[in-house]
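Colleague: The sequence isn't on hand, but the structure is:
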């Protein structure tokens, strides 16, 4: 066993090896590794002195670190070992150019206990390839910043992140490539760090377990699978806790609560496998192209909309409002089941605002009647395609310099309001009558 409270200067162009089974750095340790030099610590290394200093333009190799006091490594390259195993019981800060001397990512084990923190500051971010990183906040429920600093790619080669406790929080911008485990009921993994304009990413990873994935003042974009519940950590200062399917299919199988937005980009597919209700959100559902599919959506969120352009192939119960906007076309076409366009309350509204709107109901097997409002704004079109949509006495059809198109006829017993300085059109492409 070796204990150091002395000054250590490592120079030259080779590797200096300390092969004691246990090396302990105390409060007065001062380690300087010059450019081109390598200090390799072959056994267990305990960092026990918060006043110790570790600096230099060289390389530190340590595969078995035990951080027991606040430690900062200001060293150009901090190589954590190809199969390293590290336990972090106190704050560890790494200020380096890289965390591996061959440019690859870290593979091994890191366990961050409730009193530990890891902050890695490297210019181009870093990656965790394989092995396991465990972050455990214990019983703390207020959120504990346990993985911080530069962006990190997690699980690039299948490595697993395990989150234990009530509030382990990651403030570094993460990309989730591998499996994420939140094994225990009532536990949570919190993604924070104010990553709104540059959101966290899920890049094919799978989030599983009995706990919950939460956001706080950050958003999550990408593709992969979320099997846990999904929500927010607390009522946030911002309104930007948004989850967006992007670059592929994002499948969500748990409960969804509290998010400020849920949607899809032009190349995303959002697949929600269990029936869900928009009144569990604090904001809207939006489409920037792409598709929302899966189980039935009940739209009950008062004051918010389902809006945008793209395709919704999940069945809809529309108790509020759906707006086609943003250019292009919004298509409502359930793959299974039927769409209830005016909802269980007969108050659901449909509007072609700044995009066209196509309504389909191939599985209906008959006519549908609406008691609510359908609106067509200037330059837009509503197309009722492949089924008959009739209008009861309290219903309203508003057309402002737009087109209302049908191909299976209609009976209108409600009010029709046509406004604007240029003509609007009602187009019947079928053989059945359009009856007022």
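Modeller: Nice, thanks for sending it over. In this text the structure is predicted, and so the values were computed from the model without any measurement.
Colleague: and the one helix or strand residue 243 maps to, what does it pack onto?
Modeller: In this structure, residue 243 sits in strand 242-252 according to DSSP states H and E. In this structure, strand 242-252 packs against strand 220-226, strand 261-264, strand 269-272, with contacts taken as 3 or more Cβ pairs under 8 Å, 6 or more residues apart in numbering; DSSP states H and E. Placement of C-beta: from N, CA and C, glycine included.
Colleague: swap the cut-off to 10 Å and go again
Modeller: With contacts taken as 3 or more Cβ pairs under 10 Å, 6 or more residues apart in numbering; DSSP states H and E, strand 242-252 sits against strand 200-209, strand 212-215, strand 220-226, strand 229-232, strand 261-264, strand 269-272, strand 284-294.
Colleague: Redo those as a markdown table? Include mean pLDDT and mean neighbour count.
Modeller: Listed next are the helices and strands packed on strand 242-252 as a markdown table, based on pLDDT from 0 to 100; neighbours: other Cβ atoms under 10 Å:
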| stretch | mean pLDDT | mean neighbour count |
| --- | --- | --- |
| strand 200-209 | 98 | 22 |
| strand 212-215 | 96 | 25 |
| strand 220-226 | 98 | 22 |
| strand 229-232 | 94 | 21 |
| strand 261-264 | 96 | 24 |
| strand 269-272 | 98 | 23 |
| strand 284-294 | 97 | 22 |
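Colleague: So what are the sheet partners of the strand holding residue 243 and their directions?
Modeller: In the sheet, strand 242-252 lines up against strand 220-226 (parallel), strand 261-264 (parallel), strand 269-272 (parallel) (DSSP bridges).
Colleague: Remind me which helix or strand the nearest residue to residue 195 once chain neighbours are set aside belongs to.
Modeller: Nearest residue to residue 195, sequence neighbours excluded (Cβ to Cβ, 6 or more residues apart in numbering): residue 218, at 4.2 Å. For residue 218, there is no enclosing helix or strand under DSSP H and E.
Colleague: residues touching residue 218, list them.
Modeller: With contact set as Cβ atoms under 10 Å, 6 or more residues apart in numbering, residue 218 has these partners: 169-171, 173-174, 190-196, 198-200, 232-233, 236, 238, 240-242.
Colleague: ok, now how distant is it from residue 427?
Modeller: 47 Å (Cβ to Cβ, to the nearest Å).
Colleague: Quickly note the distance from residue 287 to residue 307.
Modeller: Applying Cβ to Cβ, the value for residue 287 to residue 307 is 7 Å.
Colleague: which neighbours do these two share?
Modeller: Joint contacts of residue 287 and residue 307 (Cβ under 10 Å, 6+ apart) are 263, 324, 325, 326, 330, 355.
Colleague: which residues touch the second one?
Modeller: If I follow you right, that is residue 324. Counting by Cβ under 10 Å, 6+ apart, the residues that residue 324 touches are 287, 306-310, 330-332, 350-358, 376-377, 380-382.
Colleague: if you set the cut-off to 8 Å instead, what comes out?
Modeller: 307, 308, 309, 330, 351, 352, 353, 354, 355, 356, 357, 380 (Cβ atoms under 8 Å, 6 or more residues apart in numbering).
Colleague: What about residue 313, how many residues nearby?
Modeller: 19 (other Cβ atoms under 10 Å).
Colleague: meant to ask about residue 351, not that
Modeller: So residue 351, with other Cβ under 10 Å, has 23 neighbours.
Colleague: show me what contacts it?
Modeller: Counting by Cβ under 8 Å, 6+ apart, residue 351 has contacts 321, 322, 323, 324, 357, 373, 374, 375, 376, 377.
Colleague: Next one: it relative to residue 337, how far apart?
Modeller: 23 Å.
Colleague: For the nearest residue to residue 380 once chain neighbours are set aside, name its beta-bridge partners.
Modeller: Closest residue in space to residue 380, ignoring its immediate chain neighbours: residue 352 at 3.9 Å, by Cβ to Cβ, 6+ apart. Taking DSSP bridges as the rule, residue 352 bridges to residue 324, residue 376.
Colleague: and residue 352, what does it touch?
Modeller: By Cβ under 8 Å, 6+ apart, the neighbours of residue 352 are 324, 375, 376, 377, 380, 381, 382, 402.
Colleague: Tabulate these in JSON lines, adding columns for pLDDT and distance to residue 64.
Modeller: Shown next, in JSON lines, are the contacts of residue 352 (pLDDT from 0 to 100; distance: Cβ to Cβ, whole Å):
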{"residue": "324", "pLDDT": "98", "distance to residue 64": "60"}
{"residue": "375", "pLDDT": "97", "distance to residue 64": "68"}
{"residue": "376", "pLDDT": "98", "distance to residue 64": "69"}
{"residue": "377", "pLDDT": "98", "distance to residue 64": "66"}
{"residue": "380", "pLDDT": "98", "distance to residue 64": "66"}
{"residue": "381", "pLDDT": "98", "distance to residue 64": "68"}
{"residue": "382", "pLDDT": "98", "distance to residue 64": "67"}
{"residue": "402", "pLDDT": "98", "distance to residue 64": "70"}
